[in-house]
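S.K.: With the sequence up front, the predicted model follows.
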There are 2 protein chains.
Amino acid sequence: MRIAILGGTGDVGEGLALRWAFHADHEIVIGSREAERAVTKANEYEVELSSHGVDEDIDGLENAEAAATADIVVAAVPAYHLVDTIESVAESLTAGTVLVSPAVGMRGDKAGMHYNRPGAGSVTALAADAAPEDAPVVGAFHNLAAGRLANLDVDLSMDVLLVGDDEDALDTVATLTEAIDGLRPLEAGPLDNAPEVESLTPLLINLAKYNDGLHDVGVCFE
Amino acid sequence: MRIAILGGTGDVGEGLALRWAFHADHEIVIGSREAERAVTKANEYEVELSSHGVDEDIDGLENAEAAATADIVVAAVPAYHLVDTIESVAESLTAGTVLVSPAVGMRGDKAGMHYNRPGAGSVTALAADAAPEDAPVVGAFHNLAAGRLANLDVDLSMDVLLVGDDEDALDTVATLTEAIDGLRPLEAGPLDNAPEVESLTPLLINLAKYNDGLHDVGVCFE
């Protein structure tokens, strides 16, 4: 499977790119608004993988070119760039491409981070509204400990919550999740259930702030 | 320590009463709007504890009487009874009594359960607004798997998130939490961070709905 990671130069994008290349046989393409930056990052990831004994070619392309050739597109960009990013690649997507949205809207105050629910209901719903009708959207990877994800020396043990209205797309993303050792996919229901998934992210940041030893914390349900 | 569990006839109240009596040496009093119902439930809990080799006297009293004699009062009532319940016991509380609020406001639709954030900011903030000024409020036990909590045959392994503005009260509730084998207290910050804690509860219900084997699910952060 060919996976394009738009915003693949940020921390969640980096972790997913490295892990899919490391644990699975997926072809990874890094997307960025500037092709040059995507190429630079792709090369860095190749070096990192090589230092862990894995030789993989990782492509770097401008976002729309990256999305055009992919089976799965992960929009690993901040919430305030999400709609712009999806609109910029919408015409390039082939029918049936699964669009994955890990973005969360948050605001901070003195107490900590808070979920900033958009009028659309959730950030994942914003992505679905911006996506072409023939590109099913799955919300996933909102709650990952990004530092651990990107550190190939660390064994993972985290749950990944999926929301979406398209069963086939959910299955595809669940399979992709399981391809990374130590990640377990769990379904949280239709897109309407995305707010409860997204609001877990500020909670994780608050727990890291108030508890020693919970820096870069993930979540497990049992 | 003497712990009054108002609404101690419901499922979270039952679990906390049984576990504190079973794992720790705390004196438990069950509160209910009707003293008779509190006595009946207290007797049931004594029988349950006795069948697990623990002989403890558990009192049953009308809510205000239960609260009057307690060091800690847990308002284990549904969100829509929370303010009424606190107001009904407010004059009975001695200064410094710690009030613990596990209630969460939710609404359901076809997709699942959703956090129903009250105008006060959170249900825990509603409790704090209703409580006397000299009774510090701690939000805790929102996210427990109530069935497992109340089943003394089951070993627990769950995290408990605490929110509150009074450090001493937080420490007291953290110590009470640790007194139950398998529960780990984690601080989630001041009361202003309660919404992110409370909205985890509908997420747990949604995960139970959409994943086989996750009935009565709890959460761990690692």
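M.R.: Happy to help now that I have it.
S.K.: Chain B contacts on chain A?
M.R.: Taking C-beta under 8 Å from any C-beta of the partner chain, the part of chain A that reaches chain B is made up of A:109-115, A:157, A:161, A:186-190, A:192-193, A:195-197, A:199-200, A:202-204, A:206-207, A:209-211, A:214, A:217-222. (C-beta placed from N, C-alpha, C; glycine too.)
S.K.: can we see that at 6 Å?
M.R.: Residues of chain A lying close to chain B (C-beta under 6 Å from any C-beta of the partner chain) are A:111-112, A:186-190, A:192-193, A:196, A:199, A:202-203, A:206-207, A:210-211, A:217, A:219-221.
S.K.: Tell me, how many residues neighbour A:E56?
M.R.: As a burial measure, A:E56 scores 17 neighbours (other C-beta atoms under 10 Å in any protein chain shown).
S.K.: Roughly how far does it sit from chain B?
M.R.: 29 Å (C-beta to the nearest C-beta, to the nearest Å).
S.K.: Quick check: that residue touching A:V47?
M.R.: No - contact criterion C-beta atoms under 6 Å: A:E56 and A:V47 do not qualify, at 11.0 Å.
S.K.: coming back round to it: so of the residues of chain A next to chain B, which ones are in strands?
M.R.: A:L186, A:E187, A:V219, A:C220, A:F221 (DSSP state E).
S.K.: returning to what we had before: so of the residues of chain A next to chain B, which ones are in helices?
M.R.: A:E196, A:P202, A:L203, A:N206, A:L207, A:Y210 (DSSP state H).
S.K.: Which residues does the helix ranked longest in chain A contact?
M.R.: In chain A, assigned by DSSP H, the helix with the most residues is helix A:35-50. Helix A:35-50 is contacted from outside by A:T9, A:A17, A:L18, A:A21, A:I30, A:G31, A:S32, A:E56, A:I58, A:G60, A:L61, A:E62, using C-beta atoms under 6 Å, 6 or more residues apart in numbering or on different chains.
S.K.: Also stretch A:7-17?
M.R.: Taking C-beta under 6 Å, 6+ apart as the rule, stretch A:7-17 contacts A:5, A:28, A:30-32, A:37, A:41, A:45, A:76-77, A:102, A:146, A:149-150.
S.K.: Output those residues as a markdown table; include the columns pLDDT and neighbour count.
M.R.: A markdown table is the format used below for the contacts of stretch A:7-17 (pLDDT from 0 to 100; neighbours: other C-beta atoms under 10 Å in any protein chain shown):
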| residue | pLDDT | neighbour count |
| --- | --- | --- |
| A:I5 | 97 | 33 |
| A:I28 | 97 | 29 |
| A:I30 | 97 | 31 |
| A:G31 | 96 | 35 |
| A:S32 | 95 | 25 |
| A:R37 | 96 | 16 |
| A:K41 | 96 | 22 |
| A:Y45 | 97 | 25 |
| A:A76 | 96 | 28 |
| A:V77 | 95 | 27 |
| A:P102 | 97 | 28 |
| A:A146 | 91 | 19 |
| A:L149 | 96 | 25 |
| A:A150 | 96 | 21 |
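S.K.: Can you pick out the most distant pair from these?
M.R.: A:R37 and A:L149 (20.5 Å; C-beta to C-beta).
S.K.: quick revisit: nearest to chain B, of the contacts of helix A:35-50?
M.R.: Proximity to chain B was ranked across those by C-beta to the nearest C-beta; first place goes to A:L18, at 20.8 Å.
S.K.: secondary structure element for the closest one?
M.R.: helix A:11-23 (DSSP states H and E).
S.K.: Could you list the buried residues of that helix?
M.R.: Residues A:V12, A:G13, A:E14, A:G15, A:L16, A:A17, A:L18, A:R19, A:W20, A:A21, A:F22, A:H23 are the ones in helix A:11-23 that count as buried (16 or more other C-beta atoms under 10 Å in any protein chain shown).
S.K.: Let me know the closest of those to chain B.
M.R.: Once C-beta to the nearest C-beta is applied, the member of the buried residues of helix A:11-23 that ends up nearest chain B is A:G15, at 16.9 Å.
S.K.: for stretch A:18-38, the distance to its chain's centre please.
M.R.: 12 Å (C-alpha atoms, centre = their mean, to the nearest Å).
S.K.: Render the CA-only coordinates of it in CSV, please.
M.R.: In CSV, the C-alpha atoms belonging to stretch A:18-38 read as follows (Å, rounded to 0.1, in the frame of the first residue of the first chain):
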residue,chain,number,x,y,z
LEU,A,18,9.1,5.8,10.4
ARG,A,19,7.0,3.1,12.0
TRP,A,20,5.2,2.1,8.8
ALA,A,21,8.5,1.9,7.0
PHE,A,22,10.1,0.0,9.9
HIS,A,23,7.4,-2.5,10.9
ALA,A,24,5.6,-3.0,7.6
ASP,A,25,6.3,-3.2,4.0
HIS,A,26,4.3,0.0,3.1
GLU,A,27,5.6,2.5,0.6
ILE,A,28,5.8,5.9,2.3
VAL,A,29,5.7,9.3,0.6
ILE,A,30,6.2,12.5,2.6
GLY,A,31,4.1,15.5,1.6
SER,A,32,4.8,19.1,2.4
ARG,A,33,3.7,22.5,1.1
GLU,A,34,7.3,22.8,-0.2
ALA,A,35,8.6,19.8,-2.2
GLU,A,36,12.2,20.6,-1.1
ARG,A,37,11.3,20.3,2.6
ALA,A,38,9.5,17.0,1.9
